[in-house]
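[1] have a look; sequence and predicted model below, questions after that.
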Amino acid sequence: MTSLTHKLTPIVIAMLVTGCAVGPDYQPPEVDLATTYIHSNNQRSADSQQHAESNYWWHQFNDETLNKMIADVQQQNIPLTVAAERISMANSYHSIVESFKVPTVNIGASYFNYQLSKNDSMLGSALNPIGDSVGGLPPQLGAMTLSDNQHDGGFVGASIAWEADIFGRLDRQANAAKIRVEQAEIFQNGLTTLITSDLIHNYLQYRGAQERIDLALANVEDQRKTLDLVKKVVSSGYGSELDLAQAQTLLAATESMIPQLETAQQVHKHRLAVLLSEPLSQVDIRLAQHQPLPLMNDVIPTGLPSDLLTRRPDIRIAEREMAAINEEVGAAIANRYPKFFLTGVPGVTAGSFDDLFSSDSIGWAGAAGVSWNVFDGGRGEAMVELHESRFQIAAMHYQHAVDSAFAEVDSALFNYGRAQENHSRIVHANEASDTAVSKAKSLYRAGLIDHLSVLDAQRQQKMMQDRQIAARLQSAQATVLVYKALGGDWQI
């Protein structure tokens, strides 16, 4: 055994030094993208790096309540906490795979006591007394035995085993596990984007419903005063029943909007509570102060389409999936090559505890081995082909993710531009409706038109006021969708 070990050791060391890792080297994919977005223009785009050096983009809403809620949701949200645990799990798995690259050492100790059978067909003769009739012993020596049948003693030692990763199989598996950690981190960042955008969406919807309720209540108050005035005019014989019916209809229509808006407001408040992982009473405290619907009026840093490859979580995860599977292809190829092992069992053994740690009690065993599965019915080759097919599928998913991201950004930019245009037109229409109401009231007081015309002008005015709030909300939501599509940095 010693001579065999001495012969194998130089061979193993030479292979360890030279190495011969097998499998394909990973090359990041190259994708052809346009130089600009179709619906991007200088008025709505800016350099993304310059913007990244400023405050977080949602600070431009100038809403401290929103800023505090975003900071808290990124710390308290349960799915984000689960995502953090998944990173911990991925790190643990990576450590497990890495551990196979180093020797495994087990330390043990034992006490043994055994008795051999004197009737054993092989050893029994050595355990029974023998005399002059057996073995030619002189009579004066009397009866004697060659060996005791009872033995005891102790052992303290270690067992060491190590696989020499000549062809890089363990290295490939460890690299794949490390990439899975990166994917878990990217997933957490992407989930942070989704959770943050969901919170902003619900906060904006809540504030929008709140502002629309305030407007509706103010309209109800005005319309009740108008109705009282119409009743007096009709009772004096100067008005018509049609004027009265129109005033009553307008009031009832406005009052009917309030329950719907209150329901929407409550739904979004409950959603905020779920996102924040807080009781509804705590969210009520956060939202106790009435604030107007925040509106961002700033440049959106669209950057270049190529920035999506490093900013979008879905694209980054798809690219890392290709890298991980590439390593698994290499591991499957290396698994078809021989595996080399070194083992050793040093220790001390003695029949007495006092002698256990003396130099004469030392013993050891060592071995160098090789294992090569030369025939498996094509299983190893099929495993390589399976992982290669997975890689091709991952490459197609990557291309699809890039195409979808580019289309999503362009669509979001188009929606943002139209939302801004719609808001601008609504503002002008609202100003015109204010002028129309003012002139209608003047003409009515002069007796040149009936009150029906005044009511119609007021109805148009209230409708435009409500639509202006909706347009502001749409513009703010379009801003959120653009930043979400661009995959910007949402992490506090």
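    Looks like it arrived, so ask away. Keep in mind it's a predicted model, so treat the numbers as computed, not measured.
[2] avg pLDDT for the helix or strand hosting Ile285?
    Assigned by DSSP states H and E, Ile285 falls within helix 280-286. Computed over helix 280-286, the mean pLDDT rounds to 94.
[3] who are the packing partners of it?
    helix 64-76, helix 241-276 (3 or more CB pairs under 8 Å, 6 or more residues apart in numbering; DSSP states H and E). Quick note: C-beta positions are derived from backbone N, CA and C, even for glycine.
[4] again, 7 Å this time
    If you count contacts as 3 or more CB pairs under 7 Å, 6 or more residues apart in numbering; DSSP states H and E, helix 280-286 packs onto helix 241-276.
[5] for the helix it packs on, buried residues please.
    Neighbour-count burial for helix 241-276, counted by 16 or more other CB atoms under 10 Å, picks out 243-244, 246-247, 250-251, 254, 257, 261, 264-265, 268-269, 271-273, 275-276.
[6] hmm, back to that, any buried residues in the helix holding Ile285, and which?
    Under 16+ other CB under 10 Å, the buried positions of helix 280-286 are Val283, Arg286.
[7] which residues sit against that helix?
    When contacts are defined by CB atoms under 7 Å, 6 or more residues apart in numbering, helix 280-286 is touched by residues Thr65, Met69, Lys269, His270, Leu272, Ala273, Leu276.
[8] and the host helix or strand of Asp456, what does it pack onto?
    Secondary structure assignment for Asp456, by DSSP H and E: helix 451-486. With contacts defined as 3+ CB pairs under 7 Å, 6+ apart, helix 451-486 has these neighbours: helix 169-235, helix 241-276, helix 379-445.
[9] between those, which one is nearest to Ala334?
    helix 169-235 (3.6 Å; CB to CB).
[10] give me the number of residues near the residue lying closest to Ala429 once chain neighbours are set aside?
    Nearest residue to Ala429, sequence neighbours excluded (CB to CB, 6 or more residues apart in numbering): Met464, at 5.4 Å. Using other CB atoms under 10 Å, the number of residues around Met464 comes to 20.
[11] re earlier: which of the helices and strands packed on helix 451-486 has the highest mean neighbour count?
    Across the helices and strands packed on helix 451-486, averaging neighbours per residue (mean count of other CB atoms under 10 Å) puts helix 169-235 on top, at a mean of 19.
[12] which pLDDT value goes with Ser40?
    51.
[13] also Lys225?
    83.
[14] if I look at it, how far off is Lys231?
    Here Lys225 is placed at a distance of 11 Å from Lys231 (CB to CB, to the nearest Å).
[15] of all the contacts of helix 280-286, which two lie farthest apart?
    Largest separation among the contacts of helix 280-286 by CB to CB: Thr65 and His270, giving 17.3 Å.
[16] would you confirm that Asn189 contacts Arg311?
    No - Asn189 is beyond contact range of Arg311, at 10.0 Å (criterion: CB atoms under 7 Å).
[17] residue contacts, Leu287?
    Taking CB under 7 Å, 6+ apart as the test, what Leu287 contacts is Tyr206, Lys269.
[18] got phi/psi on it?
    For Leu287, the backbone dihedrals (degrees, to the nearest 10) come out as phi -100, psi 10.
[19] end-to-end on stretch 438-451?
    Length of stretch 438-451, first residue to last, CA to CA, to the nearest Å: 13 Å.
[20] give the rounded mean pLDDT of it.
    Averaging pLDDT along stretch 438-451 yields 84.
[21] contacts for that stretch, please.
    For stretch 438-451, the surrounding residues in contact (CB under 7 Å, 6+ apart) are Val230, Val233, Gly239, Asp243, Ser453, Val454, Ala457.
[22] how near is the first one to Gln248?
    Between Val230 and Gln248 the computed distance is 9 Å (CB to CB).
[23] same question for the second one.
    With distances taken as CB to CB, Val233 is found 14 Å from Gln248.
[24] so which helix or strand of this protein has the lowest pLDDT on average?
    helix 48-52 (a mean of 42; mean pLDDT, DSSP states H and E).
[25] which ones are touching the most centrally placed residue in the chain?
    By CA atoms, centre = their mean, the chain has its centre lying nearest to Phe187, at 2.3 Å. Neighbour list for Phe187: Ala83, Pro313, Ile317 [criterion: CB under 7 Å, 6+ apart].
[26] can you pull the pLDDT of the second one?
    Same thing as Pro313. Reported pLDDT for Pro313: 91.
[27] that one contacts Gly190, correct?
    Yes - when contacts are counted by CB under 7 Å, Pro313 is listed as touching Gly190 (2.8 Å).
[28] sorry, back to before: let me know the closest of the contacts of Phe187 to Tyr26.
    Nearest to Tyr26 among these, with distances taken as CB to CB, is Ile317, at 15.6 Å.
[29] which of the helices or strands spans the closest one?
    Following DSSP H and E, one finds Ile317 within helix 313-334.
[30] Ala367 belongs to a strand, doesn't it?
    Yes - counting by DSSP: H, G, I helix; E, B strand; the rest coil, Ala367 falls inside a strand.
[31] and it, bridged to which residues?
    Beta bridges link Ala367 to Thr343, judged by DSSP bridges.
[32] could you export the helices and strands packed on helix 451-486 as JSON lines, including distance to Ser371?
    Below are the helices and strands packed on helix 451-486 laid out as JSON lines (distance: least, CB to CB, whole Å):
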{"stretch": "helix 169-235", "distance to Ser371": "12"}
{"stretch": "helix 241-276", "distance to Ser371": "54"}
{"stretch": "helix 379-445", "distance to Ser371": "13"}
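[33] mind checking which of the ones you listed is nearest Gly157?
    Closest to Gly157 of the helices and strands packed on helix 451-486 is helix 169-235 (CB to CB; 26.5 Å).
[34] helix 64-76 and that closest one, what's the angle between them?
    150 degrees (axes from the mean of the first three to the mean of the last three CA atoms, to 10 degrees).
[35] the longest strand in this structure is where?
    For the chain, the strand with the greatest residue count under DSSP state E is strand 150-164.
[36] partners of that strand, with directions?
    If you go by DSSP bridges, strand 150-164 pairs up with strand 104-115 (antiparallel), strand 339-344 (antiparallel), strand 347-350 (antiparallel).
[37] dump the contacts of helix 280-286 to CSV, plus pLDDT and distance to Thr349.
    Output for those, formatted as CSV (pLDDT from 0 to 100; distance: CB to CB, whole Å):
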residue, pLDDT, distance to Thr349
Thr65, 93, 75
Met69, 95, 69
Lys269, 95, 75
His270, 96, 72
Leu272, 96, 70
Ala273, 96, 68
Leu276, 95, 65
